[in-house]
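1. Pasted the sequence and its predicted model underneath.
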Amino acid sequence: MDKTSALDALLNIYSFKNELGEVITFVPGQREIMAAILNLGVAGKRFVQIEAATQFGKSSAVAAALVMRCTKEEKWAIVAGTSEKAQIIMNYFIDYVAENSIARKLLQTATPIERLQQERNKRHLIFMSGFEVQVFSADSHNRRATGNAIMGQNAPFVILDEAALVDDQIESKIFRMIAGFSKTKHLYVKVGNPFYRNHFLKSHNDSDFHLIKIDWQQGVKEGRFTADYIEKARQRPNFDVLFEVKFPSADAVDLRGWSPLLTEEDIERCFVVNGQGFGFLKVGCDPAGEGTNFNVIVGRYRNYAKILLRERVLDQFRFTEFLVNWRDQIRNTEGILPLGYWVDRIGIGEGYYQTMRTNLEGVFGVNVGQEAQDRENFVNQRAEVYWRLREMIKSGQLQLEKDNDWLQLAQIKYRTRLEGRKGKVEIMSKEEMRANGIESPDCADALALTFCMADPVSAVVSDLVDKKDELFDRYGLFAEI
């Protein structure tokens, strides 16, 4: 029986269901992943790298393949950068064991299978056949402790999930888990998306590794994604990594994984002279008091932004006086008032915020270190607002009044932090920027503050009239009442 027929035969014996209770029909890409595990390698290669578009179903395929090996006397280790990530494959595995009579009967545990499914926290399962699956966390925040813990373990079969998010030092110790089995049966499988140019890139180019690469195009062809979903995904962070399955270019990422949020070419492409704005007007304020940084005020319409003020020495009263005079001026010349003023109230900004809210309406004090609205994709609000700004510039929807101070935007860097199920976008902090010799990006920060609240759109203007107070209340959490 050839290997394809063997997989078909096993799939006729074992049945797998998704979260909706529907029987899963594994697509060709998933079957390729499953075959690599069932056959303990591909074409004689005991090292396998799986690079697949996010949500393609690679974790499900890996778990299903493990269940179909449960009659063997084997020890498998599932390792990932966090306990949460390592548990993803294990959770699928537990569900699949519960619904397959062979695996269920072989499972040796004091915990009833129904409780095991509910608790979803079992990290070590042992079967009467001698089959074992154990979960390990490779937390890079404490390299020494994690490395020592991993080095104390051994297993002939190791799956490293979200591999690119595990740093090189810890990965080298994970690799050592199979050292004692190098002359016998063994398998080392790396699974993930190509976030960094680290060990994951090296194994991508290593001829000893069999590479399985599945991008969004194959996902659409095999029915795992729709074309509409992909178009929406293009507007979100890390599409090239998560769906195109591409490594960042060598000049776009440093050794710590930081990439430029925007290039100077991106920014200069948005420059206009005497631009005209339309839509709601928002004001971003980044105060600096009498320090070495600049006090900056930026006005942004839906399509156009301009630096209104950039002065080094300006106390909170003169700062507010400028805003009051400017407000009166645009009310007379344009017949409008700003939708709101967003001010960085951290540190020295607190005094500016308190003075502004005494003299102006619609003042919101912001702490960009707070939780993002989209907690799944962003570490904090700073990352979220800068990503909104990036999308507007990349898509050509925002013009910038020509000013070289906007080139500060090219100094802003981002990376994906190992957090949550698939990693979150993080923006380099001001402290780290200073440590790297980068001056405070005052103009960039003031512009980013105008993205704290999504722009109301014309299609829902009538709805916004009724919800105006509700919208502002959402940002009331930044203000003291």
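-> Looks like it came in fine.
2. Point out where the chain drops to low pLDDT.
-> For the chain, the stretches flagged by pLDDT under 70 are 1-4, 110-111, 115-121, 139-152, 250-252, 255, 289-292, 420-422, 456-481.
3. Let me see the domain layout of it.
-> 3-248, 259-478 (automatic domain parsing).
4. Show me which residues of the longest helix along the chain are buried.
-> The residue-count maximum for a helix in the chain (DSSP state H) belongs to helix 316-333. Going by neighbour count (16 or more other C-beta atoms under 10 Å), the buried part of helix 316-333 is 316, 319, 320, 322, 323, 326, 327. Bear in mind the C-beta positions are built from the backbone N, C-alpha and C, glycine included.
5. just stretch 334-343 next, same as before
-> 338, 339, 340, 341, 342, 343.
6. Identify the residues contacting that stretch?
-> By C-beta atoms under 8 Å, 6 or more residues apart in numbering, the surrounding residues in contact with stretch 334-343 are 280-287, 299, 323, 327, 330-331, 349, 352-353, 356, 360-366, 449-450, 452-453, 456, 472, 475.
7. Can you give me the end-to-end span of it?
-> 23 Å (C-alpha to C-alpha, to the nearest Å).
8. tell me which element residue 174 is part of?
-> For residue 174, the host element (DSSP states H and E) is helix 168-175.
9. Report the next helix or strand after that helix in sequence order.
-> strand 187-192.
10. and the angle from that next one to helix 168-175?
-> Put simply, strand 187-192 runs at 140 degrees to helix 168-175, going by axes from the mean of the first three to the mean of the last three C-alpha atoms, to 10 degrees.
11. What pairs with strand 187-192, parallel or antiparallel?
-> The pairing partners recorded for strand 187-192 under DSSP bridges are strand 47-52 (parallel), strand 157-160 (parallel).
12. highest average neighbour count across those?
-> strand 157-160 (a mean of 26; mean count of other C-beta atoms under 10 Å).
13. The longest strand out of those in the chain pairs with which strands, and in what direction?
-> Determined from DSSP state E, the single longest strand within the chain is strand 304-311. Strands adjacent to strand 304-311 in the sheet, as given by DSSP bridges, are strand 295-300 (antiparallel), strand 399-401 (parallel).
14. can you tell me which of those strands comes nearest to residue 444?
-> strand 295-300 (9.1 Å; C-beta to C-beta).
15. got the contact list for the closest one?
-> Contacts of strand 295-300 (C-beta under 8 Å, 6+ apart): 277, 281-289, 305-314, 319, 322-323, 326, 338, 398, 442-443, 445-447, 449-450.
16. could the buried residues of helix 316-333 go into a markdown table alongside distance to residue 206?
-> A markdown table is the format used below for those (distance: C-beta to C-beta, whole Å):
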| residue | distance to residue 206 |
| --- | --- |
| 316 | 59 |
| 319 | 57 |
| 320 | 61 |
| 322 | 60 |
| 323 | 59 |
| 326 | 60 |
| 327 | 62 |
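17. how about the buried residues of stretch 334-343, which pair is most distant?
-> 339 and 343 (14.1 Å).
18. for residue 329, what are its contacts?
-> For residue 329, counting by C-beta under 8 Å, 6+ apart, there are no contacting residues.
19. I meant residue 210, not that one.
-> Contacts of residue 210 by C-beta under 8 Å, 6+ apart are 36, 41, 42, 43, 45, 47, 48, 49.
20. Disregarding flanking residues, what is the spatial nearest neighbour of the fourth one?
-> Leaving out its chain neighbours, the residue that sits closest to residue 43 by C-beta to C-beta, 6 or more residues apart in numbering is residue 210, at 6.5 Å.
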